[in-house]
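Trainee: following is a predicted model, sequence given first.
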Amino acid sequence: MAIGEKALGPDHPDVAASLNNLARLMQEQGDFTEARSLFERALAIFENALGPDHANTATGLNNLASLLHDQGDLAGARPHYERALAIREKALGPHHPTTATTLSNLASLLQAQGDLAGARPLFERALAIFERALGPHHPTTATSLNNLALLLREQGDLAGARPLLERALAIYEKVLGPDHPSTNRIRANLARLLLDSGQPSEAALLGERSLTALEAKLGAAHDWTIRSARVTADAWDALGRTQDAAALRQRFGL
C-alpha cells in the first residue's frame, strides 16, 4: 500500500481500494479500531475523488456500516447502510445482486434493532433479486432463504420458515456437499425450528448430524459448533435424555 500511495498519491481511488482490503483484514482479525480508521479514510477518498453518489462510495459506506454493526453500534451503522442502498439502487439498479446484498445488510440491522416488520420486506426483496439474478439454486440464494426463515421464526411463523430452511439446506447439500460447515449451519437452524415446532426426534437427528460435521470441520470452540451442540442438547432434553444432554452441555461449556 505504501508503494501505491507513493506512486499514485494518498488520495487516489486505488489507494482507497487497498485501504478497504486492509481494513477488512483488520476487521476479520478483531482489530476494530484500526479497521475503522482505515474504512473511514477510504470512504473519504472515494467521496472526494469519485463523488458522493459513486458505486465505490457506496462500497465504502457499506464496509464502514458492517464494521459498526459488528461493534454493536447499530444506530451509527444504519444511515451508512441506507445511504449505500440509495446509491446502489441508482448506480447499479434496483435488481442488481449488489443492491440485494445491501438490502440484506440493512434488514439484518433492523432485525437486530427489533424492527422485524421493517426487516421482512427487505429480506423478501433481496431474496427475489438473488433468485432472479443468480438463480434459484445459487448458494447466495440459499443464504437469503436462511435469513428470511430466521426472521419468520423470530416472528413466530414457524410454518412459513420451515420450507425456506428446507430449500436452503437442499441447495447447500447439492452445491457445497453434506459435510460443508455452511450446510450444517443451516441443518442446525432447521433442527432448532423443528424443536420449536414440537418435533424433538427429527430435531435431534439433524442436530447430531450437524454437530458431528461442524466439530470435525471447525472444532469444538467455534460458534456454529456450539450452537449445534446447544440445539442437540435441548432436543435430547425434550426426548427425556437428560443425562446425555447434561454431559453434552458440560463438554461444550453450555
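Mentor: Thanks, I have it.

Trainee: run through the neighbouring helices and strands of the helix or strand containing R153.
Mentor: When elements are assigned from DSSP states H and E, R153 belongs to helix 139-154. Contacts defined by 3 or more CB pairs under 8 Å, 6 or more residues apart in numbering; DSSP states H and E place helix 139-154 against helix 97-112, helix 116-134, helix 158-175, helix 181-196. For glycine as for every other residue, the C-beta is placed from the backbone atoms N, C-alpha and C.

Trainee: can you list the buried residues in the second one?
Mentor: Neighbour counts over helix 116-134 (16 or more other CB atoms under 10 Å) mark L116, A119, R120, L122, F123, R125, A126, L127, I129, F130, E131, A133 as buried.

Trainee: any regions of the chain where pLDDT drops low?
Mentor: 1-13 (pLDDT under 70).

Trainee: list the buried residues for the host helix or strand of V231?
Mentor: Secondary structure from DSSP H and E places V231 in helix 223-238. Neighbour-count burial for helix 223-238, with 16+ other CB under 10 Å as criterion, is recorded at 224-238.

Trainee: that one - contacts with which helices or strands?
Mentor: helix 181-196, helix 200-218, helix 242-252.

Trainee: other SSEs contacting the longest one?
Mentor: Helices and strands touching helix 200-218, by 3+ CB pairs under 8 Å, 6+ apart, are helix 181-196, helix 223-238.

Trainee: dump the helices and strands packed on helix 139-154 to TSV, plus distance to K217.
Mentor: TSV is the format used below for the helices and strands packed on helix 139-154 (distance: least, CB to CB, whole Å):
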stretch	distance to K217
helix 97-112	24
helix 116-134	25
helix 158-175	13
helix 181-196	5
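
Trainee: highest mean neighbour count out of these?
Mentor: helix 181-196 (a mean of 24; mean count of other CB atoms under 10 Å).
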